[in-house]
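*Asks:* 3D model of this:
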Amino acid sequence: MNHYEPPIEWADHEDVAIALYEKYGDDFTEAKIYRVRFTELLEWILTLPNFAGTREQSTEGHLEQIQAKWVYEWRDHQ
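*Replies:* Below you'll find the predicted structure:
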């Protein structure tokens, strides 16, 4: 990586969603994204590069927002 990327936090829903799309691409369709369990989604988010949030800071609201934004990101690339 040649440039500095600021850390991603829980409130950065769109940035997290973009990172998930970049990692998983079209492996997940809209239906599959909505079927991802929050426990799984949480683990995936925690392993994203530049993600600085903690497990303890996670909320169902954040996970719902990230899941919805991930779907929008997937749609944008179809």
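
*Asks:* from here on, contacts and neighbour counts on C-alpha atoms
*Replies:* Noted.

*Asks:* Pro7: how many residues sit nearby?
*Replies:* 12 (other C-alpha atoms under 10 Å).

*Asks:* mind naming the longest helix for this structure?
*Replies:* Longest helix in the chain by number of residues (criterion: DSSP state H): helix 60-76.

*Asks:* buried stuff in it?
*Replies:* 62-63, 65-74 (16 or more other C-alpha atoms under 10 Å).

*Asks:* got those as JSON lines, with pLDDT and distance to Ala17 columns?
*Replies:* Shown next, in JSON lines, are the buried residues of helix 60-76 (pLDDT from 0 to 100; distance: C-alpha to C-alpha, whole Å):
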{"residue": "His62", "pLDDT": "98", "distance to Ala17": "11"}
{"residue": "Leu63", "pLDDT": "98", "distance to Ala17": "10"}
{"residue": "Gln65", "pLDDT": "98", "distance to Ala17": "9"}
{"residue": "Ile66", "pLDDT": "98", "distance to Ala17": "6"}
{"residue": "Gln67", "pLDDT": "98", "distance to Ala17": "7"}
{"residue": "Ala68", "pLDDT": "98", "distance to Ala17": "8"}
{"residue": "Lys69", "pLDDT": "98", "distance to Ala17": "6"}
{"residue": "Trp70", "pLDDT": "98", "distance to Ala17": "4"}
{"residue": "Val71", "pLDDT": "98", "distance to Ala17": "8"}
{"residue": "Tyr72", "pLDDT": "97", "distance to Ala17": "9"}
{"residue": "Glu73", "pLDDT": "96", "distance to Ala17": "7"}
{"residue": "Trp74", "pLDDT": "96", "distance to Ala17": "9"}
